[in-house]
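Engineer: My questions concern the predicted model and sequence given below.
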Amino acid sequence: MNLESAEAPLDIDDEIAELRRYLWRARGRQSRRAGTFLLILSAAFFVLAYATRYIVFEATSIASFLLGTILVFTSLEPYMKTRTANEAIYSSLRILEDFLNRLDARGKAVYIPPEPEQNQGRVFIFAPGHSKLPNLKKLTDENEMIYEEGVLVPSLGNSLIKLYEEDLGDIRKMDFEYLQEWLPRVLVSGLKLAEKVEITRLGNEVKVEITGTVFNQLCQQRENIKTVCETLGCPLESSIAEALAKNTERLVYKVESRHDPQATKTTTRYVLGASVDVFEPGKPEAPT
């Protein structure tokens with residue numbers, strides 16, 4: 001009889017992924033469990049207070065009930081009202097809208113992967129009639145913003161990327177399939193930025209579908225920030241595009257974006273361009 005194990009040991013990456021799944025399922029449960037325990041404790045102290053007439057048991061019962069209710073029905077993390085957050089962001093987007101309109105930067109946007117020593121991703125927006133990037137080294141090493149071919153601006157999703165990496169780790173170091181599975185979980189279950197997020201890839205084309213985003217009020221004001229919406233998209237769209245660029249280390253072209261106000265759903269199509277390692281100035285053409 002063969003005494004050797006029939007099962008091969010799990011790959012270390014599979015073990016880490018399985019551990020992350022376990023921790024994710026457990027995330028957020030502790031406060032509710034503690035709250036439930038306090039509610040049970042409150043009932044016990046209430047019975048003792050009724051039986052013994054000791055005011056200390058009555059006070060403890062009330063305190064346990066209040067704290068237990070807070071833990072069960074609310075989160076321990078502070079939240080800003082969605083409308084307040086959207087209005088604050090909208091003011092900044094209006095300034096960016098005016099800036100892009102004055103420079104007549106209305107073409108397609110291409111997300112440029114940040115260098116290892118860079119903290120922020122950047123986006124190049126083509127000027128009308130242009131579809132070729134200038135020298136990529138100039139875009140990554142210099143502080144210029146305005147070029148003959150278009151405008152270079154910071155990504156709207158830079159701050160969100162930092163939050164994603166607090167949960168996922170360095171996006172640059174993970175497989176695309178891992179990012180494809182876990183980034184939507186962070187967006188939906190972790191940060192509550194959307195009700196549903198799907199990322200699908202077919203060859204060099206990536207489609208992102210976002211339903212019930214917290215930035216939906218910005219989408220309702222789309223006509224007032226039309227250039228920003230058509231080029232960069234909302235901060236959530238930008239953060240996903242930046243994550244794609246950072247993960248693949250390739251140029252990421254935003255080709256198309258559609259918003260359905262009835263379904264509160266935004267569908268954006270990206271095309272992966274050349275790797276930054278083999279990029280040549282003037283190539284490739286911006287996808288259509």
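Structural biologist: Perfect, thanks for sending it.
Engineer: Extract the residue ranges of the stretch 51-200 of the chain that are flagged as low pLDDT.
Structural biologist: 54-59, 63-86, 88, 119, 138, 140-143 (pLDDT under 70).
Engineer: all helices of it, in order?
Structural biologist: 55-73, 82-102, 136-141, 158-168, 176-185 (DSSP state H, counting those that start in this stretch).
Engineer: neighbouring contacts of the longest one?
Structural biologist: The list of residues contacting helix 82-102 from outside it, by Cβ atoms under 8 Å, 6 or more residues apart in numbering, reads 106, 125, 151, 153, 214-215, 217-218, 221, 224-228, 231-232, 235. Bear in mind the C-beta positions are built from the backbone N, C-alpha and C, glycine included.
Engineer: Which of these are buried? Put it as a PyMOL command.
Structural biologist: In PyMOL, a selection of the buried entries from the contacts of helix 82-102 looks like this (16 or more other Cβ atoms under 10 Å):
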select buried, resi 106+125+151+153+214+215+218+225+227+228+231+232+235
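Engineer: What residues does the residue nearest to residue 213 when sequence neighbours are not counted make contact with?
Structural biologist: Ranked by Cβ to Cβ, 6 or more residues apart in numbering and with sequence neighbours excluded, the top spatial neighbour of residue 213 is residue 194, at 4.6 Å. By Cβ under 8 Å, 6+ apart, the residues touching residue 194 are 187-188, 210-214, 236.
Engineer: Distance across stretch 226-245, terminal residue to terminal residue?
Structural biologist: 24 Å (Cα to Cα, to the nearest Å).
Engineer: mind listing what's buried in that stretch?
Structural biologist: By neighbour count with 16+ other Cβ under 10 Å, stretch 226-245 contains the buried residues 227-245.
Engineer: That stretch: how far from the chain's middle?
Structural biologist: How far stretch 226-245 lies from its chain's middle: 11 Å, per Cα atoms, centre = their mean, to the nearest Å.
Engineer: average pLDDT for it?
Structural biologist: Here stretch 226-245 scores 88 as its mean pLDDT.
Engineer: Residue 164 is in contact with residue 242, correct?
Structural biologist: No - between residue 242 and residue 164 there is no contact under Cβ atoms under 8 Å: 9.6 Å.
Engineer: can you pull the contacts of residue 235?
Structural biologist: Neighbour list for residue 235: 89, 156-157, 159-160, 215 [criterion: Cβ under 8 Å, 6+ apart].
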